[in-house]
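Asker: predicted model and sequence below, questions to follow.
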Amino acid sequence: PYQKITSYISKIRGQHRNIHYLPPYRPENQIKLRSFLELPLNNIPEHYSKTLVKAVIAQRSIKSEEELDEMEIAVNTTLKMHMTAMYMAKAGMTEADLAGMVQGIAVAGGGKLSYPVILTINGQTLHNHHYHNELKSGQLVLGDFGAETSMCYAGDITRTFPVDKKFTTKQKEIYNIVLKAEMDSIEALKPGVAYRDVHLKAAKIITDGLKDLGIMKGDTEEAVEAGAHALFFPHGLGHMIGLDVHDMEDLGEDLVGYNETIRRSSQFGLQYLRLGKELEKGNVLTVEPGIYFIPELIDRWRTENKFTDFLNYEKIETYKDFSGVRIEDDVAITDDGFRILGNPIPKTIEEVEAVREGAES
């Protein structure tokens, strides 16, 4: 019984037995552990049990069919959120107008948001939670948000669409590179594949696409190995998802996403890949490549003459006001491949423009 836990743990401590606990995420739990274990408060976080952490990760990394059903519910509510944003957006609205709509749908679905809404015309700013801008003709809207069910399982989807009814030619060119990277990456998923390899595959697709536009140059393999592509793709391809949107993040990202054979890189861009290890049946993860034109980063790298063998800075200058594109789906690993969770959410140029054509003027 909980009311006897202090005396019970005291007895166990007296027997010099190991007491295992997870890293305390909430401060009140740190205080409870201090009382139970009679340790200084500052020492509580550092004495957690890696043995128990690894056991929990091994269990939670493999989703049961019941869990997958719950995640389908989350993704299908997320579908309604994205369809509403795509349909309702128009010039003159603010980002806040759309953010309020999608949050209401998450709550109406019986749960809540799985993380704070990212809905912005400044897609080049990652994790942008400001909604004060007005939508204007010629801009792109990047929406990265998801619903969480009443059982706390999360959806996490990103779509990018034009404020106008159609993409411009320039927007289409960048969008289709990202779409190819996303779809080809998903097709590569199956048990035994290292997700870091899939990330690098996406990086090469992005590099090839940008070379075709004259934005990058040189040998693709060498460019990606050097990390030159990270000017445009400065984050990881995806992460585990489940009861948290970054599942088990509080247990330690390296323990969740890496192992003894595949360790996190220190290279800019690749180091932010949250999941690098081999995939297993039952894993659920996000696939979310992107291309961003970040003026501050472009200026910094150009001043440093960084990767001039691979980057055409004169051409890049003409894209500094582009913003960014990201496309993301939630994917479960099956016996011999994958399945995308939830009902399809428009993501080809034709599908997105069809939704925008039906939008209110």
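Answerer: Yep, it's here.
Asker: nearest residue to the middle of this protein?
Answerer: By CA atoms, centre = their mean, the chain has its centre lying nearest to G238, at 5.0 Å.
Asker: tally of neighbours for the nearest residue to it once chain neighbours are set aside?
Answerer: Spatial nearest neighbour of G238, excluding adjacent residues (CB to CB, 6 or more residues apart in numbering): T286 at 3.9 Å. (C-beta placed from N, C-alpha, C; glycine too.) Neighbourhood size, T286 [other CB atoms under 10 Å]: 25.
Asker: what does L341 give?
Answerer: 22.
Asker: look up how far I31 lies from it.
Answerer: 38 Å (CB to CB, to the nearest Å).
Asker: please apply the same query to E288.
Answerer: Counting by CB to CB, the gap from E288 to I31 is 37 Å.
Asker: L119 now?
Answerer: Distance from L119 to I31, by CB to CB: 37 Å.
Asker: list the contacts for the closest residue to L200 other than its chain neighbours?
Answerer: Nearest non-adjacent residue to L200, counting by CB to CB, 6+ apart: V224, 6.2 Å away. Shown in contact with V224 (CB atoms under 8 Å, 6 or more residues apart in numbering): L200, A203, K204, T207.
Asker: highest neighbour count among those residues?
Answerer: T207 (27 neighbours).
Asker: in contact with that one, which residues?
Answerer: Shown in contact with T207 (CB under 8 Å, 6+ apart): M216, T220, A223, V224, A228, H229.
Asker: any chance of those in CSV with pLDDT, distance to I294 and secondary structure as columns?
Answerer: Formatted as CSV, those follow (pLDDT from 0 to 100; distance: CB to CB, whole Å; DSSP: H, G, I helix; E, B strand; the rest coil):
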residue, pLDDT, distance to I294, secondary structure
M216, 98, 15, strand
T220, 98, 21, helix
A223, 98, 18, helix
V224, 98, 19, helix
A228, 98, 14, helix
H229, 98, 13, helix
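Asker: so which of these comes closest to V75?
Answerer: The shortest approach to V75 among these belongs to H229, at 29.0 Å (CB to CB).
Asker: quick check: the closest one vs T207, distance?
Answerer: Taking CB to CB, one finds H229 at 5 Å from T207.
Asker: which neighbours do these two share?
Answerer: M216, A223.
Asker: can you tell me which of the contacts of V224 lies closest to R326?
Answerer: R326 has its nearest neighbour among those in A203, at 14.4 Å by CB to CB.
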